[in-house]
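Enquirer: following is a predicted model, sequence given first.
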Amino acid sequence: MSTQPAGVSLNHGRLVQYITGIQGVSPGSIATVQIPVNARYHRLIFQCTAGTTYATPPAVAMPAGAGGTLATLASVINAAGQVVAVTVTTPGSGMTPGVYALAFSGGGGTGAMATATVNAGGTLTVDNVLLQAQGGGGWVLGNVFFTNVKHQVGGTNIRDSVPSNVLGICAANGYVVNPGEYPVFFTEPWRNMVRHNANTSWDLTGQSTYQITMAINQAIVSPGLVGIMEFDSFRNVTTVSDGKGGTTTIPTLAIVTQHDYNFPLAGGNSANLINTIPFQNRGILRLWLNGATPNSITQFEVYQDGNKILEATKPQINELLSEYGFAFSNSGFSQAGVNGLVKNPFDAAYVADVDQRVWKALYCTTKFEIRVYSTVAQNLTITSETLTTGYIG
């Protein structure tokens with residue numbers, strides 16, 4: 001439920017304005033911006049660009065380190081001098097499987113970036129080339145433009161997940177990111193089907209500061225960063241007794257935090273116990289599991305105060321979630337003019353609110369444990385989304 005303060009002109013819609021005061025936008029630097037408080041925010045959308053105009057299509061090549069007979073490639077530019085695609089001329093052979101950064105040269109411009117994935121057979125296909133930055137003043141994927149983004153309210157880290165995981169959460173929820181977009185959702189679009197979809201908006205009334213710090217990739221040439229913010233002057237409230245036989249409303253917060261936690265996993269497909277993810281004064285909404293070695297996690301278990309909440313194999317978990325619209329495997333967020341997809345990076349997930357109702361978050365009183373099974377020794381990153389009633393991080 002939400003209300004608008006007395007004395008404010010009635011406007012049931014939202015306001016959209018430029019994000020102003022972004023400072024420190026340069027390669028390898030930490031850009032910062034102060035978002036005004038005393039408003040209720042629904043989303044921030046940043047647009048990331050780089051490079052200078054190409055007069056002709058730049059040459060593009062596989063690095064010699066790929067070995068074997070290198071694949072040959074060509075770039076395509078549009079009328080604005082932006083690289084919009086990379087095509088595979090010959091697939092090559094005998095190259096070492098892996099992901100490689102492509103080298104652009106010539107053409108009179110700067111800024112294009114792309115990667116190519118050599119498959120197990122040592123060749124390259126058009127679907128294995130990902131354009132990450134157009135150059136020519138064009139867009140850059142948000143997880144390439146930024147290496148780290150932190151959201152601090154009153155000096156407390158509320159969100160500090162790496163950009164690839166932030167965009168991965170969008171992909172898992174079926175949201176297709178626009179070219180160059182780095183979205184920050186508070187009122188999340190995948191919850192628009194619930195009655196009070198704005199309950200998770202960030203009401204910053206009475207807060208001292210809201211600062212975003214953004215680490216920019218040092219490889220970005222001539223970076224550009226702008227954005228817009230969507231907000232209103234309503235409050236999220238709940239109805240309580242006034243102690244006099246009537247009722248009154250008081251402001252409430254339902255903040256979705258995002259934090260990354262890293263854990264070493266042993267191989268052998270035995271249980272790895274993890275019991276250090278914070279659970280006090282918060283509800284566990286979602287856990288997104290991303291192993292350093294893809295497709296090596298086989299099973300996942302969740303325990304609340306000793307109660308077994310989830311026990312299933314990774315395919316079973318992903319099947320359950322897919323039936324509620326969550327996207328795994330080849331699903332992801334795409335970019336116009338890109339060969340292939342930036343895929344959802346997560347191996348598996350625990351989702352307490354599969355029907356998008358945040359009040360179904362998992363609460364623990366004494367302990368919260370998970371057990372992860374992996375066929376190989378690897379590092380595991382868990383992106384935890386929790387529900388809090390204040391800006392406690």
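Expert: In hand now; what should we look at?

Enquirer: looking at this structure, which helix or strand does the model trust least?
Expert: Confidence across the helices and strands of the chain bottoms out at strand 332-333, with a mean of 40, counting by mean pLDDT, DSSP states H and E.

Enquirer: for the residue nearest to residue 256 when sequence neighbours are not counted, what are phi and psi?
Expert: When the adjacent residues along the chain are set aside, residue 256 lies closest to residue 200, with 5.1 Å between them (C-beta to C-beta, 6 or more residues apart in numbering). Bear in mind the C-beta positions are built from the backbone N, C-alpha and C, glycine included. Here is the backbone geometry of residue 200 (degrees, to the nearest 10): phi -90, psi 10.

Enquirer: my guess is residue 200 contacts residue 191, does it?
Expert: Yes - the criterion here is C-beta atoms under 8 Å, and residue 200 meets it with residue 191 at 7.1 Å.

Enquirer: shared neighbours, those two?
Expert: With contacts defined as C-beta atoms under 8 Å, 6 or more residues apart in numbering, the residues shared by residue 200 and residue 191 are residue 358.

Enquirer: contacts only, for the residue nearest to residue 301 when sequence neighbours are not counted.
Expert: Taking C-beta to C-beta, 6+ apart, and ignoring the residues beside it in sequence, residue 301 has residue 371 as its nearest neighbour in space, at 4.1 Å. Contacts were defined as C-beta under 8 Å, 6+ apart; by that measure residue 371 touches 271-274, 299-301, 303.

Enquirer: what about residue 371, helix or strand, and which?
Expert: Using DSSP states H and E, the element containing residue 371 is strand 368-374.

Enquirer: chain center to that strand: distance?
Expert: Its chain's C-alpha centre lies 23 Å from the corresponding centre of strand 368-374 when counted by C-alpha atoms, centre = their mean, to the nearest Å.

Enquirer: flag the shaky bits of this protein, pLDDT-wise.
Expert: Per-residue confidence for the chain (pLDDT under 70) gives these ranges: 1-10, 329-343.

Enquirer: how is it divided into domains?
Expert: Each structural domain of the chain that the record assigns through automatic domain parsing is listed here as a residue range: 59-136, 255-388.

Enquirer: on that earlier part again, list just the nearest of the contacts of residue 371 to residue 247.
Expert: Of all those, residue 303 has the smallest distance to residue 247: 38.9 Å, by C-beta to C-beta.

Enquirer: okay, the closest one and residue 270: tell me how far apart.
Expert: The gap separating residue 303 from residue 270 is 17 Å, by C-beta to C-beta, to the nearest Å.

Enquirer: higher neighbour count, these two?
Expert: Neighbour comparison, residue 303 and residue 270: the larger count goes to residue 303, with 18 against 11 (by other C-beta atoms under 10 Å).

Enquirer: correct me if wrong, but the more buried one is in a strand.
Expert: Yes - under DSSP: H, G, I helix; E, B strand; the rest coil, residue 303 sits within a strand.
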